[in-house]
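> With the input below, show me the fold.
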Amino acid sequence: MRIWRHRPGSAMLAAVAALSLFTAACGSDDSEASGGAGGEGEVSGEITLLTPIYEGTDGEKLLEEELLPKFYEQYPDVSVSVDYTTYGTLNEKLTTAVASGLVPDVMMMGVGWIEGFADKGVLRELSEFGITGESLKESYTEQIVQAGMYDGGVYAVPIMLDTRFAVARKDILAEAGFDKPPSSWEELREYAIALTERDADGTLTRAGFDMLSHDLRQMFEVFLFSSGASLFNDDVTEPTFNSPEAVEALQFMTDLINEHKVEDVGFSSTDAQVHPLINGRAAMGLAHNNLWLQVQESAPELADQLVPFLINGEQPGMFFGGTLATVSANSEHPEAAAALLEFLSSPEAALAANEQRGNVPALTELLDSEYVRQNKMVQFAMENLEHAQNEGGPPQWLEIRGEFTPAIEAALLGEKTPQQALDDLAATAQEAMDR
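Reported below is the predicted structural model:
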């Protein structure tokens, strides 16, 4: 039983009620000013929600016309003011809010963000609401739970995931005599070389394995995880992404481009309007789970031709990021904020948010939902979440992560060896962590 979920009589409700009663006893006699007086219908307050999801007309309609009305049915004395943003501007918004002291009651933020804001005292530890690591593990895989924890405490609950794994075009593989995706680095290299096509002038017309349409940091992390390496040591005091295994992973990527010529620098980019797997400019490549939505919208006839697979080295490699919900440490209405967090992470609300964006539900129970069963990429991601690993670790991660892409580019362009690129990156990271 998910003891922290919003259900009459649940531990979560009991914790919210207890906190509300405590607030009322220690504060004003005015129950509205104190934020409520316990009980599902008596939790009250005006709270703010900062969110980078529910974007666009469809997202706002989902949140404001479908989800929040259901929340208000449970908590009629709570009102929610929504501040919409994007991930491109979220860090700036959060930093500005912290500096001004006007921190939203409920904040959604990415995997890898929790450590920094928890370390600064911005986030509320959620155990007072009955949310513990053990209770969360009843509903999520352990790695997903860990993404919302810092220094042993739980500071965030997952709403949705973004995953990265490899995808192959089955029809193109068949033309070269391959009847299934590669199952090792060696096979990946073999397939990629065989599937690469150039015209008579040597101009690349089809990449054997596309790496350049994707964020290079996350691309590297998939191969790093596959190598058995990790980003940081166990106590997160030193970077380990320059270990021999990690260097081998970057060397493999570099060789695919510079030695085996399976893709040319400049052939594709993260700004590509159409993913090269869709228009046939790539036989295989790394992809985001929302590739399925792109296929359904632009080339539904290819749906049966796309085959997801894991990058297999020393172990299967898959990346996950995502969006988690948090509560401000200084919220004047913590019980109302916790109630909103609980509602947005509940199965019905989380499923609706994931479906609207084509994302991967974090809740294990949603694997059996119709949405997941009908989305090949999301289903594959959920079925393989035990292999997924996330980025982040030290509180300085948001500062460090921006240094990855230039380092990876330097290796791919031959400006530095993979060892030099990762050693320099590790030195920069260590300096940030020691400040």
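
> Can you give me the pLDDT of S28?
Reported pLDDT at S28 in the predicted model: 41.

> what's the next secondary structure element after the least confident helix or strand in the chain by mean pLDDT?
Counting by mean pLDDT, DSSP states H and E, the chain has its least confident helix or strand at helix 31-34, which shows a mean of 36. Per DSSP states H and E, the first helix or strand lying C-terminal to helix 31-34 is strand 45-51.

> Give the partner strands of that following strand in its sheet and their orientations.
Here strand 45-51 has these sheet partners by DSSP bridges: strand 78-84 (parallel), strand 106-110 (parallel).

> okay, those strands, which one's buried deepest?
A comparison of the strands paired with strand 45-51 by mean neighbour count, using mean count of other CB atoms under 10 Å, puts strand 106-110 on top with a mean of 25. For the C-beta atoms, the positions are set from N, CA and C on the backbone; glycine is no exception.

> Name the nearest residue to A283, ignoring sequence neighbours.
Take A283 and drop its neighbours on the chain: the residue closest to it by CB to CB, 6 or more residues apart in numbering is L195, 3.7 Å away.

> What of D304?
Sequence neighbours aside, K170 is the residue nearest to D304 in space, at 7.6 Å (criterion: CB to CB, 6+ apart).

> quick one: that neighbour and A407, what's the gap?
Distance, K170 to A407, by CB to CB, to the nearest Å: 34 Å.

> more crowded one of those two?
A407 (26 against 17; other CB atoms under 10 Å).

> mind checking how far the more buried one is from E248?
From A407 to E248 the distance is 16 Å (CB to CB).

> and E386, what does it touch?
Each residue near E386 by CB atoms under 8 Å, 6 or more residues apart in numbering is listed here: 141, 143.

> how about the strands in the stretch 251-400 of the chain?
With strands called from DSSP state E, counting those that start in this stretch, the stretch 251-400 of the chain shows them at 284-288, 306-309, 311-312, 316-327, 360-361, 388-389.

> Tabulate the ones you listed in a markdown table, adding columns for distance to Q396 and mean pLDDT.
What follows is these, written out as a markdown table (distance: least, CB to CB, whole Å; pLDDT from 0 to 100):
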| stretch | distance to Q396 | mean pLDDT |
| --- | --- | --- |
| strand 284-288 | 26 | 96 |
| strand 306-309 | 33 | 98 |
| strand 311-312 | 28 | 97 |
| strand 316-327 | 18 | 97 |
| strand 360-361 | 27 | 98 |
| strand 388-389 | 19 | 97 |
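
> Mean neighbour count added to the ones you listed, as JSON lines?
Putting the strands of the stretch 251-400 of the chain into JSON lines (neighbours: other CB atoms under 10 Å) gives the following:
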{"stretch": "strand 284-288", "mean neighbour count": "25"}
{"stretch": "strand 306-309", "mean neighbour count": "20"}
{"stretch": "strand 311-312", "mean neighbour count": "23"}
{"stretch": "strand 316-327", "mean neighbour count": "25"}
{"stretch": "strand 360-361", "mean neighbour count": "26"}
{"stretch": "strand 388-389", "mean neighbour count": "23"}
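
> if we compare the ones you listed, which one ends up closest to Y371?
Y371 sits nearest to strand 360-361 of all the strands of the stretch 251-400 of the chain, at 7.9 Å, using CB to CB.

> Show me the strands paired with the closest one, marking each as parallel or antiparallel.
Strand 360-361 sits in its sheet next to strand 157-169 (antiparallel), going by DSSP bridges.

> and the strand it pairs with, average pLDDT?
97.

> got the CA coordinates for it in CSV?
Provided in CSV are the C-alpha atoms of strand 157-169 (Å, rounded to 0.1, in the frame of the first residue of the first chain):
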residue,chain,number,x,y,z
VAL,A,157,8.4,13.3,-5.5
PRO,A,158,8.6,12.2,-9.2
ILE,A,159,5.9,13.3,-11.7
MET,A,160,7.3,12.2,-15.0
LEU,A,161,10.5,10.9,-16.6
ASP,A,162,12.5,11.7,-19.7
THR,A,163,14.5,8.7,-21.0
ARG,A,164,17.3,8.2,-23.5
PHE,A,165,18.0,4.9,-25.2
ALA,A,166,18.9,3.7,-28.7
VAL,A,167,16.5,3.1,-31.6
ALA,A,168,17.0,1.3,-34.9
ARG,A,169,15.1,1.3,-38.1
